[in-house]
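K.L.:
Below: sequence and its predicted model.
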Amino acid sequence: AQSVAQPEDQVNVAEGNPLTVKCTYSVSGNPYLFWYVQYPNRGLQFLLKYITGDNLVKGSYGFEAEFNKSQTSFHLKKPSALVSDSALYFCAVRRGYSTLTFGKGTMLLVSP
Amino acid sequence: EPEVTQTPSHQVTQMGQEVILRCVPISNHLYFYWYRQILGQKVEFLVSFYNNEISEKSEIFDDQFSVERPDGSNFTLKIRSTKLEDSAMYFCATAIAGIDTQYFGPGTRLTVL
């Protein structure tokens, strides 16, 4: 069975500061890892993914994520947060062709 | 940029009634999925569909649920006899291939009274 843990319900950061949203996973075999963002009353928007290769993955809107196999983590990062980044962020894992398993989500609040 | 669309955006129904939720996939996508998100909870997988067959389903997807792609464009989720606990946001997702990124629609909020 595969699972995802997002240990923080909410992350607060001031605009212009770096942000990190944490994610750890459990899956047998090689993981495929994803980050999605959900704005109010909207669907899930794909941000970035790790399949193989470079451990640092760059995605949309200046976000990046670092895959760490030894720590089974895939933390989402951005060097300088914007107020418009405030949203609900979901980490998800998949093994091969299996379905996505999501974490419970982390609310990111960026204050002006 | 192509998007997955879903109709209706909101659906209110009485317990025991049938509902059909509709999804229009991105045009060259061949793999289709339904997920649901009960308010305040995580997104949960319901079913995957490829080549007019269910590929995989979760334990949530019981006999009350069915999926089909009746006209080659719409991908539908039917709940035969809704229960209060079916109230949730239902998301359709599509992908070019089973291994590829899944792109999600905006969701249908289902409220069962």
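P.N.:
Alright, I've got the coordinates.
K.L.:
And the strands in the chain, which stretches?
P.N.:
Here I'm looking at chain A. In chain A, the segments counted as strands under DSSP state E are A:3-5, A:10-14, A:19-21, A:24-26, A:32-38, A:44-50, A:56-58, A:64-68, A:73-78, A:87-94, A:101-102, A:106-111.
K.L.:
um, chain B though
P.N.:
Using DSSP E, the strands assigned to chain B run over residues B:5-7, B:10-13, B:19-24, B:31-37, B:43-50, B:53-57, B:65-68, B:75-79, B:88-95, B:103-104, B:108-112.
K.L.:
mind listing what the third one pairs with, with the direction of each?
P.N.:
Each strand that pairs with strand B:19-24, with its direction, by DSSP bridges: strand B:5-7 (antiparallel), strand B:75-79 (antiparallel).
K.L.:
Quick one: mean pLDDT over the longest one.
P.N.:
Taken as a whole, strand B:75-79 has an average pLDDT of 97.
K.L.:
Give the buried residues for it.
P.N.:
Within strand B:75-79, the residues that qualify as buried by neighbour count (16 or more other C-beta atoms under 10 Å in any protein chain shown) are B:75-77, B:79. Where C-beta positions appear, they are placed from N, C-alpha and C, glycine not excepted.
K.L.:
Any buried residues in stretch B:105-113, and which?
P.N.:
Neighbour-count burial for stretch B:105-113 flags B:105-110, B:112 (criterion: 16+ other C-beta under 10 Å).
K.L.:
how far out from the middle of the chain is that stretch?
P.N.:
On the basis of C-alpha atoms, centre = their mean, to the nearest Å, stretch B:105-113 sits 10 Å off its chain's mean C-alpha point.
K.L.:
hmm, who's touching that stretch?
P.N.:
Residues lying outside stretch B:105-113 but in contact with it, judged by C-beta atoms under 8 Å, 6 or more residues apart in numbering or on different chains, are A:41-43, B:3-15, B:19, B:21, B:23, B:37, B:79, B:82-93.
K.L.:
Would you mind checking the average pLDDT for it?
P.N.:
95.
K.L.:
got a pLDDT number for the most centrally placed residue in chain B?
P.N.:
When chain B is reduced to its mean C-alpha position, the nearest residue by C-alpha atoms, centre = their mean turns out to be B:Trp34, at 3.4 Å. According to the model's per-residue confidence, B:Trp34 sits at a pLDDT of 96.
K.L.:
Let me know whether it touches B:Val47 as I believe.
P.N.:
Yes: because the distance of 5.2 Å satisfies C-beta atoms under 8 Å, B:Trp34 is recorded as touching B:Val47.
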